[in-house]
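[1] Sequence first, predicted coordinates after that:
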Amino acid sequence: MFEVVRRNSTGIVGRRWFFGINGAKLVSSLPSKSFDLREVVASYNPQSPNNSVISALDEKREVFKLALPPPNVTGRLHLGHALTAVVEDAICRYERLCGNKVVWYGGFDHAGIATQAVVEKQLWIKKRIRRHLLSDEEFLAHCTEWKENRVYDMKKQFCDLGIMLDMEAAYYTMDERFSKAVRRAFVELHSSGNIFRAQRMINWCPSLQSALSDEEVNHISLEDLNEISVPHKDGMRKIKVGQMHKIAYELLSRRERVEVATTRPETLFADVALAVNPCDSRYCHLIGEMVRHPLVHSRILPILGDEAVVPDKGTGVLKITPSHDFLDFEIAQRHLEKLPDDIMNYSCIDEMGKLVNAGDFDGQDRFDVIEKLRAVNAYDGIMKHDKGSIAVCSRTGDVIEPMVKDQWFLDCSQMNRRLLEAVENQKIIVKPSFLTSKLVEWLQNNEPWCLSRQITWGHRIPAYLSGNKWFVAESAEEAEKVSGKSLMEKTLVQDNDVLDTWFSSSLVPLVLAGWPEKRVNSHCLSLMETGYDIVGFWVVRMLTVCEQLCGHYPFDKIFLHGLIRDSKGRKMSKSLGNVIEPGDVIDGRSLEEMLERVELSSLPDHEKSEAKQEVRNEFPNGIQKFGADALRFALLRHDITGLDINVDIVETASEGYRFCNKLWNLCNYSLMVFAASPGSSVPSSSSASANIADRWILSRLGSVLLDFGPQIKGFTPHHAATGLQKFIQGELCDFYLETTKKALREKDQKRLAEIADTLRLVLHNSLAALSVIMPFISNYLFEKVKVDDSFKLDCFILQKVRFSFMLLSCSLLVFFRTSHF
């Protein structure tokens, strides 16, 4: 059902490439006068020789290897996925076109937190079942079913796009190969001292009940924001933001109060100190003084001096709550000698977001407590705060709760340092070069990577606890040997946490190369191509982790493309109603179908109504059926090297569709010429016509093709696409064909033979190159005009037929002035 790439068994070594009819019976026209999309798609055969892997001209050449960034199994493909797939497909098609061997790996990512979150939402929406009512086995069964359905959908979407991936051999980041590699990698990284367990401040999502990496946290600006929606047991609810609550702390030395402004009054019960900036003349004299806690009167707090305090934020006095704030934790670590030994025991919010150690407020929701605290005597009012941001979970939208917990971490500092040196010494090349800074910026952050996730869906951490000691091993049996304990004693208990999804993703190049069964001694991939937004999440981690495990980097060339935006420059978002699936453009979608998709989504009701209105505004008539070639053209004609790729998909796909119609008319006309011309031998570029118009169009073809390859390989496919389009539409159709009409009208047999030979050469090479970008119509028209069976750029055209454009333009001017078409 899906496209499967198969190797063409026909060798081409030593073959002389000719381009012509090879004695085949000619047809005088295509089945219809205008572009027939249905006919083209129905005739497309992904397993034909033109679309198969072509044997290399030189068997000693290295195999070109590329890995498609695995889409998450959270949903269906969108235009961002389509862009990545089409860019890489064009690169691979060009390599095959040139006779190189290509291995392009496709796969899917289990996406731990993201998938678990979406499955939990779907269970509630469709079955009114909460996660905690299911056993782990039952919940995993739901996740597996979801994954299977999404993989099926995405394989079909890739096939519809004409992507030449062997989907039957696709990898999955939670299959047995990856499971074994993940266990081995964890054990080896632990043995080398890179992985360690420690108590540190982490991001905690109460809705997911899991730790998150910094990259899984969104920071929402508070500017012009009064409230946000957060998850609640009954769905979503709104909470107020952008406010600072003023709390008064009484000085012990005299009857004065120090006023603190905080965005988080619910954490008052965990305060251990106040802090001011030593350079702040208003408060520097208070350093060393003591205040009484406004709610826990028996607790006495010191006033610290620390330069991290921002004088013009709030009142300029900061309450220090190290159990619930990253900055407070850092400040407390610098002043431990002035604080109680058990400061980390001062915690007042649990993993569920409920208050603990808070007296009468115990068990209450953290957001409900904020309103109730206004009644306490120490409460001194509200002040506006719109300069900061609020941290929320990227998956659930819940407000992040900083928390100190025991977790597994990966120390990346030394790995980052080595990679930074490799980048600086240009051993790792990033294109476009200005995005090297994105990679460097990530490498300069040496905070340990938190690997632990308190969820069910993912690779369970291969660590076993006995008493208060951890043993890391690939299996329980190995852990037993290491610990010297018997499993029968039931003293070894495996960690219930799973690994961050990006840990298994970081091993993709090694697993594809056969690790750990095979030793990897060279680059696993010829190139890494992906969006710049995951350069840190994925690209850096592949480089660092793979280098640490096998001693060298898995690839040395990185191409980073920009992110798809809508025509207004906005990020694609379900809540904005501007998310487009490839099928919307390929098959068309009515307005009603697009609105129904919003209705069936997991968006909150108030966001659904807003999204529907956006859909009506943006696509009042839905989206016309344009086909895969038009979509591929629309994506590849944009400059993908910028940070943002603003796409008016309807307009650009329309342009692609019109180009398909132009190609159709071109071939229809060419078939008329072939039918009218006398029989001729198979034409070759070495026997090209001496006619100046023929020479000119061949020279222009040669010029375009000489640029085409470097443009594809140089990561500027937009130049390749537009260059080929301008040549075919402008120079071939609008100029050259006009010079041929007189001969066709007058039935000039000698001239028609020259024109036919020239057109066969031009069509073969143009369609061969165009197959990289628009494979469906190129393949169809290639077969209809009866040129040579294999797509192979004509070496003579590429290397020799490039006349001086200046001399030819002068000759052409004279020619056009003296000719009558």
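    Cool, the structure landed.

[2] Only C-alpha atoms from now on, for both contacts and neighbour counts.
    OK.

[3] what helix or strand does Glu610 sit in?
    Using DSSP states H and E, Glu610 sits in helix 605-618.

[4] Can you list the buried residues in stretch 163-179?
    Neighbour-count burial for stretch 163-179, counted by 16 or more other Cα atoms under 10 Å, picks out Ile163, Met164, Leu165, Asp166, Met167, Tyr171, Tyr172, Thr173, Met174, Arg177, Phe178, Ser179.

[5] Which of the three states applies to Pro294?
    Under the three-state scheme (DSSP: H, G, I helix; E, B strand; the rest coil), Pro294 adopts coil.

[6] isn't it right up against Glu250?
    Yes. Assessed by Cα atoms under 8 Å, Pro294 is found in contact with Glu250 at 7.4 Å.

[7] and Cys546, what element?
    Cys546 is part of helix 541-550 when elements are defined by DSSP H and E.

[8] before we move on, what about Pro710?
    Here Pro710 is assigned to helix 692-713, by DSSP H and E.

[9] per-residue confidence at the residue nearest to Met201 when sequence neighbours are not counted?
    Of all residues not flanking Met201 in the chain, Val404 sits nearest, at 4.3 Å (Cα to Cα, 6 or more residues apart in numbering). We have a pLDDT of 90 for Val404.

[10] residues contacting Val404?
    Residues counted as contacts of Val404 (Cα atoms under 8 Å, 6 or more residues apart in numbering) are Gln199, Arg200, Met201, Ile202, Ser323, His324, Met344.

[11] out of those residues, which one sits closest to Lys713?
    Using Cα to Cα, Ile202 comes nearest to Lys713 of those, at 42.2 Å.

[12] What number of neighbouring residues does that closest one come out with?
    By the criterion of other Cα atoms under 10 Å, Ile202 has 23 neighbours.

[13] next one: Gly193
    11.

[14] What residues of the longest helix seen in the chain count as buried?
    The longest helix of the chain (DSSP state H) is helix 649-676. For helix 649-676, burial by neighbour count (16+ other Cα under 10 Å) applies to 649-650, 652-657, 659-676.

[15] I would like the residues contacting stretch 545-555, please.
    With contact meaning Cα under 8 Å, 6+ apart, stretch 545-555 is reached by 185, 188-189, 415, 428, 506-507, 509-510, 519-528, 542-544.

[16] Sitting in strands, which of the residues you listed do you find?
    The strands, defined by DSSP state E, take in Met528 from those.

[17] Quick one: mark the members of the contacts of stretch 545-555 that sit in helices.
    Members of those lying in helices (criterion: DSSP H): Ala185, Glu188, Leu189, Met415, Pro509, Leu510, Met542, Leu543, Thr544.

[18] List the contacts of the third one.
    In this case it means Leu189. Ile195, Leu549.

[19] how near is it to Leu603?
    Separation of Leu189 from Leu603 (Cα to Cα, to the nearest Å) stands at 40 Å.

[20] how's the chain carved up into domains?
    Per the record, the chain has its domains at 64-194+415-447+498-564, 243-385, 462-496, 648-818, by the TED database.

[21] which one of those lies closest to Asp36?
    With distances scored as Cα to Cα, the stretch of these nearest to Asp36 is domain 648-818 (8.4 Å).

[22] that older thread, let me have the ones in helices among the contacts of stretch 545-555 in TSV, extended by pLDDT and distance to Ser703.
    As requested, those are exported to TSV (pLDDT from 0 to 100; distance: Cα to Cα, whole Å):
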residue	pLDDT	distance to Ser703
Ala185	98	50
Glu188	97	53
Leu189	98	52
Met415	96	45
Pro509	97	37
Leu510	97	40
Met542	97	39
Leu543	97	38
Thr544	97	42
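
[23] What are the buried residues along the strand or helix carrying the residue nearest to Met201?
    Under the criterion of DSSP H and E, Val404 resides in strand 401-410. Buried residues in strand 401-410, counted by 16+ other Cα under 10 Å: Glu401, Pro402, Met403, Val404, Gln407, Trp408, Phe409, Leu410.

[24] Quick one: residues contacting Gly562.
    Residues near Gly562 by Cα under 8 Å, 6+ apart: Gly531, Tyr532, Asp533, Ile640, Thr641, Gly642, Leu643, Asp644, Ile645.

[25] so which of those residues is the most crowded?
    Ile640 (25 neighbours).

[26] Looking at the ones in helices among the contacts of stretch 545-555, which is nearest Trp502?
    Nearest to Trp502 among the ones in helices among the contacts of stretch 545-555: Met542, at 9.1 Å, using Cα to Cα.

[27] Look up how far Ser504 lies from the closest one.
    To Ser504, Met542 is 10 Å away according to Cα to Cα.

[28] Give the residues shared as contacts by these two.
    Common neighbours of Met542 and Ser504 (criterion: Cα under 8 Å, 6+ apart): none identified.

[29] Kindly provide the distance from the residue nearest the centre of the chain to Pro432.
    Centroid-nearest residue in the chain: Gly531, 5.2 Å away (criterion: Cα atoms, centre = their mean). Distance from Gly531 to Pro432, counting by Cα to Cα: 12 Å.

[30] shared neighbours of those two, anything?
    Counting by Cα under 8 Å, 6+ apart, the residues touching both Gly531 and Pro432 are Leu560.

[31] OK, contacts around the residue nearest to Ser483 when sequence neighbours are not counted?
    Leaving aside its chain neighbours, Ser483 sits nearest to Phe471 (6.7 Å; criterion: Cα to Cα, 6+ apart). Neighbouring residues of Phe471 by Cα under 8 Å, 6+ apart: Ala463, Tyr464, Leu465, Ala479, Val482, Ser483.

[32] Repeat the analysis, applying 10 Å as the threshold.
    Counting by Cα atoms under 10 Å, 6 or more residues apart in numbering, Phe471 touches 187, 462-465, 478-483, 492-494.

[33] Those residues in strands, which ones?
    Ala463, Tyr464, Leu465, Val493, Gln494.

[34] Which of those residues are buried, as a PyMOL select command?
    Of those, the buried ones can be selected in PyMOL as follows, counting by 16+ other Cα under 10 Å:
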select buried, resi 463+464+465+493+494
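
[35] element containing Val291?
    Per DSSP H and E: strand 290-292 holds Val291.

[36] That strand pairs with which strands, parallel or anti?
    strand 243-251 (antiparallel), strand 300-305 (antiparallel) (DSSP bridges).

[37] How is Arg418 assigned, secondary-structure-wise?
    Recorded secondary structure, Arg418: helix (three-state DSSP).

[38] thought it was touching Gln444?
    No. Between Arg418 and Gln444 there is no contact under Cα atoms under 10 Å: 11.4 Å.

[39] More neighbours: the two, which one.
    Comparing Arg418 with Gln444 by neighbour count (other Cα under 10 Å), the higher total belongs to Arg418, at 15 against 12.
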